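Chemist: Next one to model:
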Amino acid sequence: MDTIIRCAIILSAHNGYEPFVGDVGIEGGRIARVSGGKLPGRYAREIDASGKILMPGLVNGHCHGDMTLMRGAGDGMTLLEQQREFDGHEWFRGYLSDEDRMHSRMLTYCEALLSGTTFILENMYWGLGDGSQRAMAQIGIRGALAEDIRTDFLDSDNLLSDDQLECFRRRCDEFGIIPVIASVAEEDFEPARLRSIAEKTRRSGMLKTCHLAETEWRLDTVREKFGTTPVRMLADHGLLENMICSHAVHVDDDEIPLLAAAGARVVNTPSCEMKIADGIAPIPKFRAAGVPVGLGTDGALWNNSNDLFGEMKCMVLLHTINSGIRTFGPKDALDMATIDGARAFGMERDIGTIEEGKLADMILIDATPPHMTPLRTGALENVASCVVFCATGADVTDVFVGGRHVVQSRAVTTADVPALCRRVNEISRTVAEKSSRPRGVI
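Modeler: Residues are numbered from 1 along each chain as shown. Sure, this is the predicted structure:
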């Protein structure tokens with residue numbers, strides 16, 4: 001085997017998060033051996049993980065890396081207020097080059113890796129641009145790219161051609177990235193348009209995603225125009241099948257079976273939903289109905305952080321206060337951040353647990369600081385609890401993606417992070433000076 005990680009506290013969904021101390025061997029980018037004791041033999045690399053938790057890399061199912069440039073600019077505003085404020089300059093689009101956006105995304109991916117995320121969905125904002133695949137591949141994070149079905153987000157009837165979508169797919173395949181088609185928001189719903197999108201996505205065979213039932217004003221827009229809800233409208237036009245539904249906050253009890261029957265998946269962003277006052281999604285009901293639910297951070301304009309540890313803790317606390325003390329626990333949140341996040345992208349056979357044969361997408365968490373102490377295994381174990389309630393992304397020391405050591409001793413090995421920070425600071429300052437709302441931007 002290429003690499004052996006020794007004496008780690010292993011935590012994974014495949015055995016119900018029952019922690020055990022053991023070794024993990026990596027060969028050819030995959031997990032070759034998992035042992036509850038010491039694996040014999042010699043290896044090209046041996047990593048001593050004593051005092052560290054080894055768990056699957058986290059899956060961020062919804063992010064807008066472009067908006068890292070404007071971190072903090074949306075503070076104190078709802079999404080509707082932001083739309084009214086930022087529409088005049090098309091959400092900063094006119095002030096940014098594709099190269100600027102690539103730097104923003106690269107910094108986002110570094111932030112994600114440093115906090116334990118090994119898979120991320122980059123959701124288009126104005127369309128992805130030419131540097132998207134390169135940014136993700138250069139940093140070394142695994143992921144998916146969601147391209148807008150439209151040639152321009154301001155023209156909802158001008159859809160990408162089949163040839164353009166196939167070119168996008170080939171470009172993603174070249175870099176080992178999952179291609180996803182992003183559909184229109186509720187204010188752009190029209191029956192003929194939805195039918196065209198449904199037909200085009202079926203022909204492509206690609207996964208699809210949309211921002212669904214996120215805000216009450218978007219629900220009201222659909223009700224006023226069509227006398228129905230966004231979920232029902234997508235179901236009626238054949239667009240709900242295998243849809244990755246971002247947010248899904250305002251979904252009623254009768255719509256949940258529609259999601260389950262269509263094989264839809266949900267990605268929820270609890271910090272974002274609270275920060276911009278979207279509401280509370282019925283996550284326990286989704287899970288009880290068999291709808292896979294993953295976690296996301298959204299972009300820095302709506303959340304400010306890409307730390308999925310914070311999202312796990314928020315998810316548990318939010319549903320505890322909303323639905324009851326035993327409604328949602330740490331292991332439920334871990335499922336969402338690992339194996340269920342993998343299911344949302346059809347990746348559950350390759351990532352999401354520490355099992356032999358799966359891709360070696362793994363993270364090590366320092367379990368020795370005071371805020372992680374005491375840590376117990378055995379009959380009175382508290383490892384899952386400590387990971388969700390005590391750990392933060394700053395406790396991640398090492399990250400492996402396909403066996404590649406992309407974060408080593410809390411340093412990204414694939415990029416000059418200080419240089420990226422300097423460049424993004426420069427771009428952000430320029431954009432802040434040109435745009436109508438510089439408040440809160442560094």
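Chemist: Do you have the strands of the stretch 301-442 of the chain handy? List them.
Modeler: For the stretch 301-442 of the chain, the strands defined by DSSP state E, counting those that start in this stretch cover 362-366, 396-401, 404-408, 411-412.
Chemist: no, scratch that, I was asking about the stretch 1-150 of the chain
Modeler: With DSSP E, counting those that start in this stretch as the criterion, the stretch 1-150 of the chain has strands spanning 3-10, 20-27, 30-35, 45-48, 52-56, 58-63, 117-123, 142-148, 150-152.
Chemist: could those go into a markdown table alongside mean pLDDT and mean neighbour count?
Modeler: For glycine as for every other residue, the C-beta is placed from the backbone atoms N, C-alpha and C. Output for those, formatted as a markdown table (pLDDT from 0 to 100; neighbours: other C-beta atoms under 10 Å):
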| stretch | mean pLDDT | mean neighbour count |
| --- | --- | --- |
| strand 3-10 | 97 | 22 |
| strand 20-27 | 97 | 21 |
| strand 30-35 | 97 | 19 |
| strand 45-48 | 96 | 14 |
| strand 52-56 | 98 | 26 |
| strand 58-63 | 98 | 30 |
| strand 117-123 | 97 | 29 |
| strand 142-148 | 96 | 24 |
| strand 150-152 | 87 | 16 |
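Chemist: nearest to L334, of those?
Modeler: strand 52-56 (8.0 Å; C-beta to C-beta).
Chemist: who does that closest one touch, helix- and strand-wise?
Modeler: strand 3-10, strand 362-366, helix 383-389 (3 or more C-beta pairs under 8 Å, 6 or more residues apart in numbering; DSSP states H and E).
Chemist: Heading C-terminal from the helix or strand that contains R202, find the next helix or strand.
Modeler: Using DSSP states H and E, R202 falls within helix 191-204. For helix 191-204, the following helix or strand on the C-terminal side (DSSP H and E) is strand 207-212.
Chemist: How far off centre is that next one?
Modeler: 13 Å (C-alpha atoms, centre = their mean, to the nearest Å).
Chemist: That one pairs with which strands, and in what direction?
Modeler: According to DSSP bridges, strand 207-212 forms sheet pairs with strand 178-182 (parallel), strand 243-247 (parallel).
Chemist: now D253: how far from N306?
Modeler: 32 Å (C-beta to C-beta, to the nearest Å).
Chemist: got it, and I9?
Modeler: For I9, the distance to N306 - C-beta to C-beta - is 25 Å.
Chemist: same check, this time on W126
Modeler: According to C-beta to C-beta, W126 stands 20 Å off from N306.
Chemist: Between those two, which is the more surrounded one?
Modeler: A side-by-side neighbour count of W126 and N306, using other C-beta atoms under 10 Å, places N306 first with 28 against 18.
Chemist: Now do the contacts for the more buried one.
Modeler: Neighbouring residues of N306 by C-beta atoms under 8 Å, 6 or more residues apart in numbering: N60, C63, T68, T108, E111, A112, S115, T117, T297, A300.
Chemist: between the helices and strands packed on strand 52-56, which one is nearest to R84?
Modeler: Of these, the one closest to R84 (C-beta to C-beta) turns out to be helix 383-389, at 36.8 Å.
Chemist: Quick check: can you list the domain ranges of the protein?
Modeler: Annotated domains of the chain cover 3-56+352-409, 58-344 [automatic domain parsing].
Chemist: Can I get those domains in a markdown table including distance to E426?
Modeler: Putting those into a markdown table (distance: least, C-beta to C-beta, whole Å) gives the following:
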| stretch | distance to E426 |
| --- | --- |
| domain 3-56+352-409 | 25 |
| domain 58-344 | 9 |
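Chemist: Relative to S428, which of these is closest?
Modeler: By C-beta to C-beta (comparing all of the domains of the chain), the closest turns out to be domain 58-344, at 5.0 Å.
Chemist: if we can go back for a sec, columns mean neighbour count and mean pLDDT on top of the strands paired with strand 207-212, output as TSV?
Modeler: Converted to TSV, these look like this (neighbours: other C-beta atoms under 10 Å; pLDDT from 0 to 100):
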stretch	mean neighbour count	mean pLDDT
strand 178-182	22	96
strand 243-247	26	98
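Chemist: need those in CSV with distance to V412, can you?
Modeler: Written out in CSV, the entries for the strands paired with strand 207-212 read as follows (distance: least, C-beta to C-beta, whole Å):
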stretch, distance to V412
strand 178-182, 22
strand 243-247, 27
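Chemist: Show me the one of these that comes nearest H237.
Modeler: strand 243-247 (11.4 Å).
Chemist: export the following helix or strand past the closest one as CSV, just CAs?
Modeler: Later in the chain than strand 243-247, the nearest helix or strand by DSSP H and E is helix 256-261. Output of helix 256-261 as CSV, limited to C-alpha atoms (Å, rounded to 0.1, in the frame of the first residue of the first chain):
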residue,chain,number,x,y,z
ILE,A,256,-42.7,15.6,0.8
PRO,A,257,-44.1,12.4,-0.8
LEU,A,258,-43.7,14.1,-4.2
LEU,A,259,-40.0,14.6,-3.5
ALA,A,260,-39.6,11.1,-2.3
ALA,A,261,-41.4,9.5,-5.3
